[in-house]
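> Using only what follows, build the 3D model:
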Amino acid sequence: MIDYSLNYENIDSLVRNHFSLDEKSQEEFSVKIKKGTSVDEEIINRLDENFRIERNLSILDLEELDISWKLFKYYFGEYCFDKQITYSEFLLNSRVNQKNISKLTKDVRQYYSSGGTAYTLKNNEYDLEMQLTKINNLRLPRKKLKIVLSFNLSDMFMCSSGQDWTSCLNLESEYFGCYWLGLASLPFDRNRCMVYIAPQNPKEPMNVFDVQTERMFRRTFGLLDENDNINILKWYPIGFESDFYIPVLNRLFSSFAFQEISEDFVAKHEPKLPTLKRAKRGEKISFYIYQDKTYLNENHEIKFSFEKGNQSFNEFNVENFGPFVTCQGGLKRIKSLGSEVVNYIGKHITCCGCEERIHEEDVMYYDDCPYCSRCYEDVVCEEEDEEASW
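A predicted model of the protein is given here:
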C-alpha cells in the first residue's frame, strides 16, 4: 500500500533540492504537490481519497485490451479460425487437442511448417519466429489485473520510474538529455490525468529516490478538453496507437468520457509555465513536461494553450525548444554530487570519459556516447588496437 502523504513530502524534497525551480514556482509546487492533485473540485468529487478510480479487469476486459492477442489473431488468423483458438488458450499458452495438452506456440509452429500458407519460417516479411517474439514481448502477465484512472500527482510523477520498461521521463535514466525535469511541471497542469494497468494485489511498492510506486504494465496520459472529454495520448512502454481502449475506458469509468485525441483538440485550461532559477549566464527558462501529440501554442496575447500537434518539446521560452539540461548520468549523478539542475543548464554535455562538461558544438560521439576530443581519440585508438590484436 502506497503512503501517498509520505510520497508528496519526498517528491517536494527531491524537487526542492535538485530541480532548481525559482522561489515562486517552488512555493506553488510545494502547495500543489502536498494537496495531491491539481484538477477541478467537480472532478475530485468523482474520485476516491487518493484522487483515483480503480477497476478490476475481467477476462472479457482483458480480451478487449490485450494488444498481443489482437496481433496474434492478425498474424495467425488462418490458424486461429481453423483451430477455434480462444483468448483463454492464448493467455495460458496452451490448448487441448484430442485430450493432449500442448503449448500454443509449439502448435502454431507445427501448423505453419506444414506448408500451404503465406507464413513460413524462411519468409523475411512474415517471419513466424519474429512475430511470436513480438507477441511474447507484448503479453500482459498471467495474474489478476486492474486498470486505474488517476489524477494523483504522485502517480504521474512516477509514470516511468521503477518499471521493467523506460521512457524519457524515467527518473533513473542516465541519458544525458534530462527530460525528467519536466515532471516538476505536473502540478501546474490542470488538464492531465493518467490511465495505467497494474496488478490487483501488488507486493510491496517499489521505491525510487524514496518515492513509492506500483508496477505499471501499460500507461498513458490523458488531457481534458473544452468539453470535459479525456483525450488519450500515446501508450507506453511501446508507444502503440490504441483506439480499441476507448470503449473499455468509457464502460469501466462511465462518469468520464474518453476519446482519442483529434486534430481540433484544445485543452480545457491554459497551462501555467513554471520557471527555473536564473543560471549564471542565461535567461530565466520556462519548461513543461514532454509533449506527446500536443504542443504549446502562443496567441497574440502571449497566452498559451495545448493543441494537437506533432511537436514534442521539453523547454518553452517562446523561441527556444529542446532538452536544455544535459548531464550524463542524469538525476542519479546530480543527486550523488549534491548538485542541482541549474548547474547543468545550457548547451553543454558531460564527456563519458573525463566527465568534464563540454559545449555541444565540441562533442564527438562514439557508440552514442558523447566525448571531448581528447577522450574521443583515446577511445578510438583503444578500439583500433583491439581490432589489430585480432
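> Please report phi then psi for Ser336.
phi -60, psi -30 (degrees, to the nearest 10).
> ok, which stretches of the protein are helices?
In the chain, the helices defined using DSSP state H lie at 4-18, 23-35, 41-44, 59-65, 67-75, 77-83, 87-92, 104-113, 128-138, 153-157, 245-252, 330-336, 373-389.
> so of these, which one's packed in deepest?
helix 153-157 (a mean of 26; mean count of other CB atoms under 10 Å). All C-beta spots, glycine's among them, are computed from the backbone N, C-alpha and C.
> And that one, what does it pack against?
Packed against helix 153-157 by the contact rule (3 or more CB pairs under 8 Å, 6 or more residues apart in numbering; DSSP states H and E) you find helix 4-18, helix 23-35, strand 192-199, strand 211-213.
> Pull the contacting residues for Lys272.
Contacts for Lys272 (CB atoms under 8 Å, 6 or more residues apart in numbering) come out as Phe188.
> Same check on Lys146?
Counting by CB under 8 Å, 6+ apart, Lys146 has contacts Glu54, Arg55, Asn56, Leu57, Ile197, Ala198, Pro199, Gln200.
> show me the contacts for the nearest residue to the fourth one once chain neighbours are set aside.
This means Leu57. Using CB to CB, 6 or more residues apart in numbering and skipping residues adjacent in sequence, the residue nearest Leu57 is Leu145, 4.7 Å away. Residues in contact with Leu145 (CB under 8 Å, 6+ apart) are Asn56, Leu57, Leu62, Ile197, Ala198, Pro199, Gln200, Phe217.
> now those residues as CSV including pLDDT and distance to Arg95?
Compiled in CSV, these are given as follows (pLDDT from 0 to 100; distance: CB to CB, whole Å):
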residue, pLDDT, distance to Arg95
Asn56, 97, 26
Leu57, 96, 23
Leu62, 94, 18
Ile197, 96, 25
Ala198, 96, 29
Pro199, 95, 26
Gln200, 94, 26
Phe217, 93, 24
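> where does the chain dip in pLDDT?
By pLDDT under 70, the low-scoring segments of the chain are 98-100, 115-126, 239-241, 279-284, 295-324, 346-348, 357, 359-361, 384-390.
> Show me the domain layout of it.
4-57+144-308, 67-138, 347-389 (automatic domain parsing).
> Output those as a markdown table; include the columns distance to Lys335.
Shown next, in a markdown table, are those (distance: least, CB to CB, whole Å):
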| stretch | distance to Lys335 |
| --- | --- |
| domain 4-57+144-308 | 6 |
| domain 67-138 | 32 |
| domain 347-389 | 15 |
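> give me the number of residues near the closest residue in space to His18 that isn't next to it in sequence?
Excluding its sequence neighbours, the residue lying closest to His18 (CB to CB, 6+ apart) is Glu340, at 4.8 Å. Neighbourhood size, Glu340 [other CB atoms under 10 Å]: 18.
> does Glu340 really touch Ser20, like I thought?
Yes: at 4.7 Å, Glu340 and Ser20 qualify as touching, with contact defined as CB atoms under 8 Å.
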